[in-house]
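A.B. asks: I would like to see how this sequence folds:
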Amino acid sequence: MIKSFIIDLALVIGGAYVAYAVGNYQLFTGINETNAAGVVLVAAGFFGLGMIGLLGKGYAFFKFKK
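C.D. replies: Predicted coordinates for the structure are as follows:
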């Protein structure tokens, strides 16, 4: 449980940071905007997968807490 929680948390933090860094021209400064948009979409996908995992674990934790 803890290992998968850490993996989901890393996906969320990593995806959010990559999208932020590409958007502010701190990461991949020399690529054109089409490629940057593709990188941001992939990072947003990782962010979404991590959020789904975290929300599912939170739901399962509080569901069985009754």
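A.B. asks: Only C-alpha atoms from now on, for both contacts and neighbour counts.
C.D. replies: OK.
A.B. asks: buried sites along the longest helix seen in the chain?
C.D. replies: Longest helix in the chain by number of residues (criterion: DSSP state H): helix 33-63. By neighbour count on 16 or more other C-alpha atoms under 10 Å, the buried set for helix 33-63 is 36, 39-40, 43-44, 46-51, 53-54, 57.
A.B. asks: ok, now stretch 10-19?
C.D. replies: 11, 12, 14, 15, 16, 17, 18, 19.
A.B. asks: Just put those in a markdown table and tack on pLDDT, distance to residue 29 and secondary structure.
C.D. replies: Listed next are the buried residues of stretch 10-19 as a markdown table, based on pLDDT from 0 to 100; distance: C-alpha to C-alpha, whole Å; DSSP: H, G, I helix; E, B strand; the rest coil:
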| residue | pLDDT | distance to residue 29 | secondary structure |
| --- | --- | --- | --- |
| 11 | 95 | 23 | helix |
| 12 | 96 | 23 | helix |
| 14 | 96 | 18 | helix |
| 15 | 95 | 18 | helix |
| 16 | 95 | 17 | helix |
| 17 | 96 | 15 | helix |
| 18 | 95 | 12 | helix |
| 19 | 93 | 13 | helix |
